[in-house]
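Trainee: Quick one, fold the following:
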Amino acid sequence: MIKLERFRLVLAFVSLLMALASPLSLSGQTEKAPQDSVPPELQASDPDVKAYIDSAEKLQQDGNYADGFQQLQKALDLCTQKGLLADKALLEAKLAVAYFVQGKLEDANQQFLNSFADSTKTGNLVLQADTLIALTALAQASGKMDEALGLATRALDLARKSKNFWIQSRCLGELGRLQLVVGKLTEARTSLEEALRIDRLNQYDWEASHLLYLAWITVGEKSTLDQAIQLASSARELAIRHNNYLVFIQASTSLAQGYAQKGMLNESIALLERSRDGLSEDGKPLFQRPTSYRAALSLLYLKIIFLEAMALAYQAGQRPDEALKSWQELYEVAKTAGVNFAAAEAAHGMADLHRMKKEYAQAITFYSLAERVRVIQNQWLLPQALVVLATGNHKIWPRY
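Mentor: Numbers count the residues shown, from 1 in each chain. Below is the predicted model:
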């Protein structure tokens, strides 16, 4: 069995995206989804602004993220024209998430700062707390863990002052995730268990992500792998029920890693292949809007996470040809998009495979390529931060 400790970067990115995104982001929510649980403080008051937001969410659910972004931008422009400061703060936060998904970190950070400033002026404690939680992810992405923990603690204080349980659960969950990252497992479990109590009492959609975080904590505590797998499986089922693509993807890859750790390599690969296609064991669509799921999976970073996971699974399962194909596709996708950390990992993966085949000239070529890409990577904020996250003392999940 091969060691793949270095391959934690893409999963780390998705963990940060989970901290930034609301349960209605990157999803195919239906009319019966728990939209009503979202606090009024996070909903637009102006009917024209609300119409733009509804249109954006509908477009995103249909997989049209580009036009959805344009609708949000129009809504922000309208808020500026009308002087709607409260709604403007809300739109700035929504646009910040969209920028982050596109990899535009400076734009995302600026919009979150704008949102926090405007929500402070209007006294919107819920949005202040929500925005601070997003800023914790960006602080973590720059390796500033003390700052991230401070922001999360401050966010929780604001959430408690707001008396709103929805935002309290969100803040507790993300504080627990950060505590896990820095190795404070006891504190992390306490935070997550309180969040889950709130979720279950109020049927909040946060439960899926919080169950997954608890699975990671369970692994870190060196509890039985079966317990962690059960928690991750429950998170995945909840994500399917609520059409939460982001948690589904993270839970699926975590489960696949757990199966591989138990030596169940065929099951690991089969799970990833079905999850990539959005299908159940009997070949039926898992989600009510299959086209929406496929569109979400085509987004750059979600596509990268599955390509990396598939390559690792094939490689561990001694299926080198399929592994090489996945690494090659990942390299092309990442290189074209300028995602250098993923391109470097793909090049390294191809080099490993050529070395195993005793194709040493090709192996040297790809090792050199990986090293050159990593030099470029060092000039980019997010990969540096993910290296900090991925190579910390904690262990998010056992690798293959």
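Trainee: pretty sure Ser162 is touching Asp130, no?
Mentor: No. Assessed by CB atoms under 8 Å, Ser162 is found out of contact with Asp130, at 10.0 Å. C-beta coordinates here come from the backbone N, C-alpha and C atoms, glycine included.
Trainee: Over the helix or strand that contains Ala108, what's the mean pLDDT, rounded is fine.
Mentor: Taking DSSP states H and E as the definition, Ala108 sits inside helix 105-122. What helix 105-122 shows for mean pLDDT is 94.
Trainee: go on, stretch 284-297?
Mentor: If you average the pLDDT over stretch 284-297, you get 91.
Trainee: now do stretch 332-350
Mentor: Mean predicted lDDT for stretch 332-350 stands at 88.
Trainee: what does stretch 153-163 give?
Mentor: 98.
Trainee: cool, and stretch 249-269?
Mentor: Here the average pLDDT along stretch 249-269 is 91.
Trainee: Against Trp216, how distant is Ser142?
Mentor: 22 Å (CB to CB, to the nearest Å).
Trainee: Looking at these two, which one has more neighbours?
Mentor: Ranked by neighbour count (other CB atoms under 10 Å), Ser142 and Trp216 place Trp216 first, with 26 against 16.
Trainee: List the contacts of the helix holding Ala108.
Mentor: Residues outside helix 105-122 that contact it (CB atoms under 8 Å, 6 or more residues apart in numbering) are 20, 85-86, 88-90, 92-93, 95-97, 99-100, 127-128, 131-132, 134-135, 138, 141, 381-382.
Trainee: all strands for the protein, in order.
Mentor: Per DSSP state E, the chain has no strands. Nothing in it meets that criterion.
Trainee: for the stretch 101-250 of the chain, what are the low-confidence residue spans?
Mentor: Along the stretch 101-250 of the chain, segments meeting pLDDT under 70 span 222-223.
Trainee: mind redoing it with 80?
Mentor: Within the stretch 101-250 of the chain, the segments meeting pLDDT under 80 span 101-103, 141-142, 220-223.
Trainee: circling back: check which residues of the helix holding Ala108 are buried.
Mentor: For helix 105-122, burial by neighbour count (16 or more other CB atoms under 10 Å) applies to 105, 108-109, 111-112, 114-116, 118-119, 122.
Trainee: Can you tell me how far Ile167 is from Glu194?
Mentor: Using CB to CB, Ile167 is found at 13 Å from Glu194.
Trainee: Which one's more surrounded, the two?
Mentor: Using other CB under 10 Å, the more surrounded residue of Ile167 and Glu194 is Ile167, with 27 against 17.
Trainee: Surely the more buried one and Ser37 touch.
Mentor: No. With contact defined as CB under 8 Å, Ile167 does not reach Ser37; the gap is 10.7 Å.
Trainee: Understood, closing this out.
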